[in-house]
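1. need a structure here:
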Amino acid sequence: MDKYVTGAVIRRLRESKKLTQEELADKIFVSSKAVSKWETGQGFPDISLLEPLAQALDISVIELLSGEDIRNQNKSSNIAKVRFYVCPVCGNVIQSIGEAVISCCGITLPPLEPEKADDDHMIRKEIVEDEYFVSIDHPMTKDHYISFLAAVSDMGVQFTKLYPEGNAEARFKINRVRKLYAYCNRHGLFELKR
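-> Take a look at the predicted model:
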């Protein structure tokens, strides 16, 4: 991990929960003096305390390490708020329906921010029977390629993983598709709204 929990984060999270140093210390079985040292930067919690500390502060360990309290406000699971994450180390593609803390290979991943398709990443769609045939005229070399195509409707996500030296194309059922996405491994996520 490239980050470790800081005293300022512990203090901010403790105060947001309206806990005293002593109350927090009691929850994780340490002294209030230990909590005070962490908050003043005179020490750090032992790694074995991260999970109990996160539980006491009602957040995940990843949120504790990142210093951010992520709360998904998308309680109704609105698929229109779909987010994609791509690990720069292994290439895993992860999808969520709203705010989330996602990590892979020891890295906390930011959500991809879609851009409107530009001339180099123009997403084309043709109707073939009951499907969209989606394609992009884009290099598909080992160093520069379209990694995935996705179609998002109010019912779910249709996803096609692509590989170098293949074609940048896929077929998706038309049924209620609202957005099409393409991810270029060098330039990021592009979208085409219906």
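
2. okay, CA-based contacts and neighbour counts for the rest of this
-> Noted.

3. what sits up against the helix ranked longest in the chain?
-> If you go by DSSP state H, the chain has its longest helix at helix 7-16. The contact list for helix 7-16, computed with Cα atoms under 8 Å, 6 or more residues apart in numbering, reads 20, 21, 24, 38, 39, 40, 41, 44, 57, 64, 67.

4. buried sites along it?
-> 7, 9, 10, 11, 13, 14 (16 or more other Cα atoms under 10 Å).

5. nearest to residue 140, of those?
-> Nearest to residue 140 among the buried residues of helix 7-16, counting by Cα to Cα, is residue 9 at 43.7 Å.

6. strands along this structure, start to end?
-> Taking DSSP state E as the criterion, the chain carries its strands at 82-86, 93-97, 102-104, 107-109, 115-116, 124-128, 131-135, 146-153, 156-161, 169-173, 177-184, 188-193.

7. would you reformat the ones you listed as CSV and include distance to residue 49?
-> CSV is the format used below for those (distance: least, Cα to Cα, whole Å):
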stretch, distance to residue 49
strand 82-86, 29
strand 93-97, 29
strand 102-104, 20
strand 107-109, 20
strand 115-116, 41
strand 124-128, 52
strand 131-135, 49
strand 146-153, 39
strand 156-161, 38
strand 169-173, 47
strand 177-184, 39
strand 188-193, 37
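
8. need the winner for burial among these.
-> Highest mean neighbour count among these (mean count of other Cα atoms under 10 Å): strand 146-153, with a mean of 23.

9. can I get that strand as PDB, trimmed to CA atoms?
-> What follows is strand 146-153, C-alpha atoms only, in PDB (Å, rounded to 0.1, in the frame of the first residue of the first chain):
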ATOM      1  CA  ILE A 146     -10.100  -0.800 -27.200                       C
ATOM      2  CA  SER A 147     -10.300  -2.900 -24.100                       C
ATOM      3  CA  PHE A 148     -14.000  -3.200 -23.800                       C
ATOM      4  CA  LEU A 149     -17.400  -2.200 -25.200                       C
ATOM      5  CA  ALA A 150     -20.500  -1.900 -23.000                       C
ATOM      6  CA  ALA A 151     -24.200  -1.100 -23.500                       C
ATOM      7  CA  VAL A 152     -26.100   0.200 -20.500                       C
ATOM      8  CA  SER A 153     -29.900   0.100 -20.200                       C
END
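
10. as TSV, the strands of the chain with distance to residue 32 and mean pLDDT would be great.
-> Formatted as TSV, the strands of the chain follow (distance: least, Cα to Cα, whole Å; pLDDT from 0 to 100):
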stretch	distance to residue 32	mean pLDDT
strand 82-86	39	93
strand 93-97	38	91
strand 102-104	31	86
strand 107-109	30	84
strand 115-116	48	92
strand 124-128	61	95
strand 131-135	60	96
strand 146-153	50	95
strand 156-161	48	94
strand 169-173	58	97
strand 177-184	49	94
strand 188-193	46	93
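
11. great, nothing more from me.
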